[in-house]
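Trainee: what's the 3D shape of this:
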Amino acid sequence: MKKNVGKIDAAVRVLLAIIIAALGYYYQTWWGLVAIVPIATALMGSCPLYLPFGVSTRKE
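Mentor: Sure, this is the predicted structure:
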């Protein structure tokens with residue numbers, strides 16, 4: 001898969017994932033598992049939703 005997530009984008013995704021996971025833990029809901037998506041896309045460096053639109057935040 002083509003890498004299309006830049007450093008700032010990845011940092012924001014990790015920060016949001018931490019917040020989502022913390023809220024899920026605090027409220028004891030399974031919604032905290034949603035944090036897996038931004039963490040995975042940040043670590044892989046690729047966002048599947050960017051592909052159809054041709055968006056890339058990564059500098060070439």
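Trainee: Spatially nearest residue to I18 (excluding sequence neighbours)?
Mentor: Excluding the flanking residues, the one nearest I18 by C-beta to C-beta, 6 or more residues apart in numbering is A35, at 7.3 Å. C-betas here are computed from N, CA, C, even on glycine.
Trainee: measure the residue nearest to G6 when sequence neighbours are not counted to I39 for me?
Mentor: Among residues not flanking G6 along the chain, T57 sits closest, at 3.8 Å (C-beta to C-beta, 6+ apart). T57 sits 17 Å away from I39, going by C-beta to C-beta, to the nearest Å.
Trainee: How many neighbouring residues does I8 have?
Mentor: A count of nearby residues for I8, using other C-beta atoms under 10 Å, gives 10.
Trainee: quick one: contacts for it?
Mentor: Counting by C-beta atoms under 8 Å, 6 or more residues apart in numbering, I8 touches T57.
Trainee: Check the one 4 residues further on too.
Mentor: Residues in contact with V12 (C-beta under 8 Å, 6+ apart): none are found.
Trainee: One more: L51?
Mentor: With contact set as C-beta under 8 Å, 6+ apart, L51 has these partners: M1, K2, N4.
Trainee: could you dump those residues to JSON lines with secondary structure and neighbour count?
Mentor: Formatted as JSON lines, these follow (DSSP: H, G, I helix; E, B strand; the rest coil; neighbours: other C-beta atoms under 10 Å):
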{"residue": "M1", "secondary structure": "coil", "neighbour count": "9"}
{"residue": "K2", "secondary structure": "coil", "neighbour count": "9"}
{"residue": "N4", "secondary structure": "coil", "neighbour count": "19"}
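Trainee: W31: what's it in contact with?
Mentor: W31 neighbours (C-beta under 8 Å, 6+ apart): I20, L23, G24.
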